[in-house]
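Chemist: coords please:
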Amino acid sequence: METRDMPGAQSHSQISSADEVGPIPSSLDAIDALNFGPREANHLLLRAGFGGTPRQIETLAEWGPERAVDHLLNLDGITYDPPEPDAFDKNIMRPNTPAEQNEYQRARRQRDEDALARFRAERQNRQRADRRQMGDIQRWWLTRMIETPKPLEEKMTLFWHGLLATSYRTIENSYHMFQQNQLYRTHAVGSYADLLRAIIRDPAMLAYLDNNDSSKRRPNENLARELMELFSLGVGAYTERDIKEGARALTGYTFEDDRFVFKADNHDDGPKSILSLRGKLDGDGFVSAILAQPACARYIAARLYDFFARHITDGSTPIDRDLDRFLDRLAHSLRKSNYEVKPVLRELFLSRHFYHPDVMRQRIKSPAELVVGAVRTLLTPVRDLGVLAQGMELMGQSLFHPPSVKGWDGGRTWINTSTLFVRQNLLNYMLTGALPNGYDAASSRDAYDPTPLIDGLKRDDPNAAANPEAVARSLLGFTVGAEPDAAVTALRHFASEHGSRVNDKTITGMLVLVTAMPEYQLC
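Modeler: Numbering: from 1, shown residues only. Sure, this is the predicted structure:
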C-alpha cells in the first residue's frame with residue numbers, strides 16, 4: 001500500500017533537522033491571555049498530552065492559559081473509570097512453593113529425568129503465558145492512553161517509563177512491569193523524591209539492575225550507578241567512590257514474589273560517605289544524598305524540558321545563556337517545591353518560552369504520540385490494538401521494551417526511511433482500515449466518520465464546510481499548524497478528482513494525504 005506525496009513535502013532528513021533550532025530569546029515570563037489562541041492551545045495539548053480535536057483546542061483557547069494548564073495538571077479533579085487491570089495474574093511467574101522446591105531438589109538428587117522434564121515443561125508453559133499477559137498489559141496501557149480524560153497522567157507515566165527504564169525482555173515478569181507502570185502513574189506529577197525512594201524498592205527495577213542478589217559480602221553496583229548517572233544526577237556529578245558507597249547502602253534491598261523485602265542480614269550497616277552525606281546510610285540515605293545535590297534538580301528539570309519542549313540531552317540544541325537561565329529557573333522551582341513536579345510543569349506550560357516559534361512544532365512525535373494522537377485528534381476507530389502495538393514496535397517504540405536502561409533516544413532517531421514508511425502505512429490503516437501487505441489481520445471494517453472535525457467550520461459558515469479549499473485549510477491548520485499553499489492546492493485537487501464534494505470519504509482522503517506529510521510527524 002502506498003501513500004501519495006504532497007507537493008513541496010520535506011524528505012525525512014529535513015524532518016530530522018527540525019530539532020536543530022537556534023537560540024530562543026529570553027522569554028521567561030508567563031504568556032498572557034491575549035497571546036494564547038488556538039495555535040497555542042493546540043501546542044499545549046500536543047505536548048502535555050497527545051493532542052486535541054478542533055473542539056478541544058477551541059475550548060482551551062477560550063479558557064485562556066491559566067485555566068487550560070490547570071485543567072490538564074489537576075489530575076485528582078477529573079473522574080475516570082479506566083479499563084480494569086484485575087484480570088492480570090500476579091502468580092504466573094511466582095516463585096516455587098517450599099514443597100515444589102523440595103520436589104525439584106529431590107528430582108535433581110535422584111536424577112529423575114521424567115520429573116525434571118515436567119518441571120521444565122511447566123516453566124516453559126508459564127513463560128509463554130507470561131509473554132501473552134505482557135501483550136495484554138501493553139494493549140491495556142495503550143487503551144488507557146487513548147481513552148483517558150487525563151492525558152498528562154499517561155504522558156508522565158510514559159516519561160517516567162523512559163527515564164527510569166526497565167525492560168520486560170530482561171526481567172521476564174509481566175506483573176512486575178505492570179506494578180512499575182502503576183507506580184509511575186501514581187507519582188505522575190507528584191513528588192520525584194518519593195518516586196526515587198520507591199524505585200529502589202520496585203521489584204522490576206531491583207531485578208533489572210541485579211540488586212536482588214546484592215549483599216554486604218558482594219555488593220552489586222548496577223543500581224547505584226544508574227540511580228546517579230541516568231535517574232538523577234547525570235555523568236560527571238558523582239565519583240566511582242560514590243558508586244561503591246551507594247552500592248553498599250543498597251545491599252539487602254530485594255524482593256520476594258511481588259513485594260519489596262529488606263534483608264537486614266545482607267545489608268552493610270557500616271559508615272559510608274556518599275556525595276555530601278556521611279553516616280550509616282541506607283537506601284533512603286543514599287537518595288537523600290542525591291536530592292541534596294543542586295545537580296539533581298538541574299538534571300530532572302533538563303529531562304522534563306527535553307521531553308516537553310526541545311531536545312537538549314542529545315546535544316542537538318545548544319544550551320545558550322538564555323536557555324541556561326530558563327533551566328536554572330525550573331531547577332530552582334523544583335528545589336523550592338521539595339521536588340514536586342506539578343509546579344515545575346505549570347511554570348513550563350505557562351511560560352512565553354514554551355510557546356516560542358522555535359519550540360512549537362519542532363519535536364518529532366514518538367510512535368506512542370503518533371498512534372495515540374491519531375485516535376484522539378482525528379477520531380479514528382481504534383481498530384486492532386495488536387496492529388497498533390506491532391506498528392509502534394516497527395517504528396522503534398514497544399511499550400515495556402525500551403532498548404536499554406537509557407530508555408529511548410527519541411528525537412531524530414525516530415525517523416528513517418523505514419520507520420517513515422511504517423508511519424504512513426499505519427496512519428493510512430487507522431484512517432481507512434486497509435492493512436499493508438504482511439499483516440495477518442483482516443482489514444478493519446469499522447466505519448470512520450471524520451465530519452465532526454469540521455463542525456466548527458459548519459458552525460461559523462455553513463457554506464465554508466462545503467468548500468474544499470476551506471476544509472483543506474481547516475484540516476491543515478489543526479493537524480500540521482500551517483496552511484502551505486502547495487498542500488492546499490494538492491488537497492483541493494484531490495477533492496476535484498472526486499467531484500469537489502465534501503463528505504466523509506473526501507475528508508478521509510484528504511487526511512490520508514495530510515498524515516503522509518513529513519510535517520505531520522512533528523508536534
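Chemist: in the lengthiest helix in the chain, which residues are buried?
Modeler: In the chain, with assignment by DSSP state H, the single longest helix is helix 113-147. By neighbour count, with 16 or more other CB atoms under 10 Å as the criterion, the buried positions of helix 113-147 are 119, 130, 133-135, 137-147. (Glycine included, C-beta is placed from N, CA and C.)
Chemist: over to stretch 147-167?
Modeler: For stretch 147-167, the neighbour count (16+ other CB under 10 Å) marks 147-148, 150-167 as buried.
Chemist: same deal with stretch 52-65?
Modeler: For stretch 52-65, a neighbour-count test (16+ other CB under 10 Å) marks G52, T53, P54, Q56, I57, E58, L60, A61, W63, P65 as buried.
Chemist: ok, now stretch 271-282?
Modeler: Buried residues in stretch 271-282, counted by 16+ other CB under 10 Å: K272, I274, L275, L277, L281, D282.
Chemist: closest one of those residues to R352?
Modeler: Distance to R352, by CB to CB, is smallest for L275 among those, at 35.6 Å.
Chemist: separation between that closest one and E245?
Modeler: Going from L275 to E245 by CB to CB, to the nearest Å gives 9 Å.
Chemist: over to D202?
Modeler: Noted for D202: a distance of 22 Å to E245, by CB to CB.
Chemist: please list all residues in contact with K150.
Modeler: K150 makes contacts with L75, I78, Y80, as judged by CB atoms under 8 Å, 6 or more residues apart in numbering.
Chemist: follow-up on the earlier one: more neighbours, D202 and E245?
Modeler: Taking neighbours as other CB atoms under 10 Å, D202 and E245 compare with E245 leading, 24 against 21.
Chemist: the more buried one in helix, strand or coil?
Modeler: Three-state call for E245 (DSSP: H, G, I helix; E, B strand; the rest coil): helix.
Chemist: ranges for the strands of the stretch 151-300 of the chain?
Modeler: Shown for the stretch 151-300 of the chain, the strands assigned by DSSP state E, counting those that start in this stretch span residues 253-256, 259-262, 272-274, 277-279.
Chemist: to D29, which of these lies closest?
Modeler: Set against D29 and scored by CB to CB, these come closest in strand 277-279, at 37.2 Å.
Chemist: just the residues contacting that closest one, thanks.
Modeler: Strand 277-279 is contacted by residues P271, K272, G285, S288, A289, A292 when judged by CB under 8 Å, 6+ apart.
Chemist: strands along the stretch 351-500 of the chain, start to end?
Modeler: Secondary structure of the stretch 351-500 of the chain, counting by DSSP E, counting those that start in this stretch: no strands present.
Chemist: just to revisit the earlier point, helices or strands up against the longest helix of the chain?
Modeler: Counting contacts by 3 or more CB pairs under 8 Å, 6 or more residues apart in numbering; DSSP states H and E, helix 113-147 is packed against helix 98-109, helix 151-163, helix 174-186, helix 367-378, helix 385-394.
Chemist: quick one: low-confidence parts of the stretch 401-523 of the chain?
Modeler: Across the stretch 401-523 of the chain, the stretches falling below the confidence threshold (pLDDT under 70) are 437-444.
Chemist: ok, the stretch 1-150 of the chain next?
Modeler: Judged by pLDDT under 70, the stretch 1-150 of the chain has its weakly predicted residues at 1-28.
Chemist: go again with 90.
Modeler: With pLDDT under 90 as the threshold, the stretch 1-150 of the chain has low-confidence stretches at 1-29, 77-87, 95-123.
Chemist: which residue lies farthest from the center of this structure?
Modeler: Within the chain, Q110 marks the point farthest from the mean C-alpha position, 50.8 Å out by CA atoms, centre = their mean.
Chemist: can you redo the buried residues of stretch 52-65 as JSON lines with distance to F349 and secondary structure?
Modeler: Rendered in JSON lines, the data for the buried residues of stretch 52-65 read as follows (distance: CB to CB, whole Å; DSSP: H, G, I helix; E, B strand; the rest coil):
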{"residue": "G52", "distance to F349": "14", "secondary structure": "coil"}
{"residue": "T53", "distance to F349": "20", "secondary structure": "coil"}
{"residue": "P54", "distance to F349": "21", "secondary structure": "helix"}
{"residue": "Q56", "distance to F349": "16", "secondary structure": "helix"}
{"residue": "I57", "distance to F349": "15", "secondary structure": "helix"}
{"residue": "E58", "distance to F349": "18", "secondary structure": "helix"}
{"residue": "L60", "distance to F349": "11", "secondary structure": "helix"}
{"residue": "A61", "distance to F349": "14", "secondary structure": "helix"}
{"residue": "W63", "distance to F349": "13", "secondary structure": "helix"}
{"residue": "P65", "distance to F349": "8", "secondary structure": "helix"}
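Chemist: for Y184, state which of those is nearest.
Modeler: Compare each of the buried residues of stretch 52-65 with Y184 using CB to CB and the shortest gap goes to G52, at 23.3 Å.
Chemist: quick one: contacts for the closest one?
Modeler: Under the criterion of CB under 8 Å, 6+ apart, the contact list for G52 reads A41, N42, L45, L46, L60, R376, T377.
Chemist: now do the same contact list for the most centrally placed residue in the chain.
Modeler: The residue lying closest to the centre of the chain (CA atoms, centre = their mean) is L158, at 2.9 Å. By CB under 8 Å, 6+ apart, the contact list for L158 reads M145, S366, A368.
Chemist: next one: phi and psi at S398?
Modeler: When read as degrees, to the nearest 10, the backbone of S398 gives phi -100, psi 120.
Chemist: tally of neighbours for the nearest residue to it once chain neighbours are set aside?
Modeler: Distance criterion CB to CB, 6 or more residues apart in numbering; nearest residue to S398, sequence neighbours excluded, is M392 at 6.3 Å. For M392, the number of neighbouring residues by other CB under 10 Å comes to 22.
Chemist: report pLDDT for M392.
Modeler: At M392, the pLDDT value in this model is 98.
Chemist: what's the answer for the one 3 residues further on, then?
Modeler: Reported pLDDT at M395 in the predicted model: 98.
Chemist: try the one 5 residues further on
Modeler: Per-residue pLDDT puts F400 at 99.
Chemist: re earlier: which among the contacts of K150 count as buried?
Modeler: Taking 16+ other CB under 10 Å as the criterion, what is buried in these is L75.
Chemist: could you dump the contacts of K150 to a markdown table with distance to A482?
Modeler: Written out in a markdown table, the entries for the contacts of K150 read as follows (distance: CB to CB, whole Å):
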| residue | distance to A482 |
| --- | --- |
| L75 | 32 |
| I78 | 32 |
| Y80 | 34 |
